[in-house]
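In: below are the sequence and a predicted model; questions follow.
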Amino acid sequence: MKITVINLKKIIKYIFIFFVITIIFILLVKSLNTDKKREQREDRISLLQCMKYELPITRVVKENISIEENDENNWGIKILSMQIGIFDNIIKKQEQEVAVEPPQEEYIEPEEQEEIKSEPQDLENKDTKIIDENNIKETYTNKYKDIKINNQTNYDISSILENASYEFTNNKKVIIYHTHTCESYTPTEKYSYPMTDSYRTTDLNFTVSKVGDELTSQLERYGFNVIHNKTYHDYPSYNGSYGRSLKTLESILTKNKDAEITIDLHRDAVGSKSNYAPSVQIGDEVCAQVMFVIGTDGSGLAHDNWKKNLQYAIKVQSIADELYPGLFRPIILRNARYNQHLTTASTIMEVGATGNTLEQCLASMKYVANVLHKATE
């Protein structure tokens, strides 16, 4: 006679564990089905993972107990392992559902952005008026059509003015540099800066270099290839600035022999008063006036291109006077060479004076760019 010994205490223990796990499982599944939102699904996954890896009973049964298939006394452990397997499947399924790529933000294709950036503003048909306040009276010695020229040399330029035509050979490459890189303007709330010297600063965000940045940007909208050099030539020493800027310009031209237009961008020196601010209103906008300074060989330095430079300035200014009368002040012709002997379209361009604000000078650049665009068409 065989007697089967049943260990009731052990069986009750496994049954109790089974029912506890089953109840937890039912509650979790119900909770999962109640809320479909992704964030709460992620929270529930965290909870399931926590139970999987942190609850001692499941961890011990899953990882530390070896189950024999023929061991009838371990049937409760088998059931627990099955339940844990179900938990694993639920976690994997929920993780796959959560692993969805986030929605992509709307953006403009690069080509469209470039088109928007490069499209020039509508700058024509605007009323223009010179602002007399804080300005000085214009003086000139010669006149070509409506263009005024202040000839400070001993040269008779009447024959040049009779044939004041200029033909561009390469009209889309421009070099902008600054002999007096530290020249700055009247500070404003937007452009407030500590002066290194009287209306001068080494911070290029507040100097003529910033104006050069704006002119570069505006010219590029019209398809110009612009090289803007912002080397300090007047710091730490002001003396010898033109000698240093000459070396810079020669170096640039060595690599860009086809460049024709060079602009040494300045602001006008302090006039009779520090609030001297030559300005013009174009539409509703107050802009700083601009002035060409043309050098000659009057100082004794070789300069075969000065007549061509003058003709170039006249051509540009004649278009400016048609579009924006008063934007350009009278051209000044001087004896100094000003590094303008290197190309046939070299000028100093003085933008505003000490009394002008940087905002006014930046505003002028879109109109200057439009003028250069029209002149080189």
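Out: Looks like it arrived, so ask away. This one's a predicted model, so the numbers in the text were calculated from it and none came from an experiment.

In: so Leu265: helix, strand or coil?
Out: Put simply, Leu265 is strand when judged by DSSP: H, G, I helix; E, B strand; the rest coil.

In: that one contacts Asp213, doesn't it?
Out: No - under the criterion of Cβ atoms under 8 Å, Leu265 makes no contact with Asp213, lying 10.2 Å away. For the C-beta atoms, the positions are set from N, CA and C on the backbone; glycine is no exception.

In: mind checking which of the two has more residues around it?
Out: Using other Cβ atoms under 10 Å as the criterion, Leu265 and Asp213 rank with Leu265 on top: 26 against 17.

In: for the chain, what spans make up the helices?
Out: Ranges of helices within the chain are 8-34, 38-54, 56-59, 75-98, 110-118, 158-162, 208-221, 241-255, 306-323, 358-375, based on DSSP state H.

In: what helices or strands is the last one leaning on?
Out: Judged by 3 or more Cβ pairs under 8 Å, 6 or more residues apart in numbering; DSSP states H and E, helix 358-375 is in contact with helix 208-221, strand 285-288, helix 306-323, strand 345-351.

In: got these as JSON lines, with mean pLDDT columns?
Out: Conversion of those to JSON lines gives the following (pLDDT from 0 to 100):
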{"stretch": "helix 208-221", "mean pLDDT": "98"}
{"stretch": "strand 285-288", "mean pLDDT": "98"}
{"stretch": "helix 306-323", "mean pLDDT": "97"}
{"stretch": "strand 345-351", "mean pLDDT": "98"}
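
In: Ala302: neighbour count?
Out: When neighbours are defined as other Cβ under 10 Å, Ala302 has 8 of them.

In: beta partners for Lys129?
Out: Using DSSP bridges, the bridge partners assigned to Lys129 are Gln281.

In: quick check, it in contact with Ser279.
Out: No - in terms of Cβ under 8 Å, Lys129 does not count as a neighbour of Ser279; the distance is 9.8 Å.

In: those two: which is more packed in?
Out: When neighbours are counted by other Cβ under 10 Å, Ser279 comes out ahead of the other of Lys129 and Ser279, with 25 against 12.

In: which ones are touching the closest residue in space to that one that isn't next to it in sequence?
Out: Residue nearest to Ser279 in three dimensions, not counting chain neighbours: Ile131, with 4.3 Å by Cβ to Cβ, 6 or more residues apart in numbering. Contact partners of Ile131, counting by Cβ atoms under 8 Å, 6 or more residues apart in numbering, are 279-281, 286.

In: please redo it, this time with the cut-off set to 10 Å
Out: Counting by Cβ atoms under 10 Å, 6 or more residues apart in numbering, Ile131 touches 277-281, 286-287, 289, 326, 360.

In: how much space separates it from Ala288?
Out: Using Cβ to Cβ, to the nearest Å, Ile131 is found at 10 Å from Ala288.

In: show me the contacts for the closest residue to Ala302 other than its chain neighbours.
Out: Nearest-residue entry for Ala302: His341, 6.5 Å, with adjacent residues in sequence omitted and distances by Cβ to Cβ, 6+ apart. Taking Cβ under 10 Å, 6+ apart as the criterion, His341 is in contact with 246, 295-297, 301-306, 309.

In: quick check, central residue of this protein?
Out: The residue lying closest to the centre of the chain (Cα atoms, centre = their mean) is Ser217, at 9.6 Å.

In: would you confirm that that residue contacts Ile176?
Out: No - the pair Ser217 / Ile176 is not scored as a contact, 11.1 Å apart, by Cβ atoms under 10 Å.

In: so what sits against both of these two?
Out: With Cβ under 10 Å, 6+ apart applied, the overlap between the contact sets of Ser217 and Ile176 consists of 226, 228.

In: quick one, what contacts the residue nearest to the residue nearest to the centre of the chain when sequence neighbours are not counted?
Out: The spatial neighbour of Ser217 that comes closest, neighbours along the chain excluded (Cβ to Cβ, 6+ apart), is Met365 at 8.0 Å. With contacts taken as Cβ under 10 Å, 6+ apart, Met365 has the following neighbours: 211-219, 265, 287-288, 290, 351.

In: for Ile263, give its distance to Phe328.
Out: Using Cβ to Cβ, one gets 14 Å for the distance from Ile263 to Phe328.

In: ok, now Lys255?
Out: In this structure, Lys255 lies at 31 Å from Phe328, with Cβ to Cβ as the measure.

In: same check on Ala302?
Out: Taking Cβ to Cβ as the criterion, Ala302 is separated from Phe328 by 28 Å.

In: same check on Ile261?
Out: From Ile261 over to Phe328 the distance is 16 Å, taken as Cβ to Cβ.

In: Gly355 now?
Out: For Gly355 relative to Phe328 (Cβ to Cβ), the value is 18 Å.

In: neighbour-wise, which of those two wins?
Out: Phe328 (26 against 23).

In: dump the residue contacts of the more buried one.
Out: With contacts defined as Cβ under 10 Å, 6+ apart, the neighbours of Phe328 are 147-148, 280, 289-292, 313, 316-321, 349, 364, 367-368, 371.

In: give me the pLDDT for the closest residue to Val280 other than its chain neighbours.
Out: Taking Cβ to Cβ, 6+ apart, and ignoring the residues beside it in sequence, Val280 has Gly326 as its nearest neighbour in space, at 4.5 Å. The per-residue pLDDT reported for Gly326 equals 96.

In: next: Gly85.
Out: Per-residue confidence (pLDDT) for Gly85: 50.

In: cool, and Tyr107?
Out: Per the predicted model, pLDDT is 29 at Tyr107.

In: same check on Gly352?
Out: The model reports Gly352 with a pLDDT of 97.
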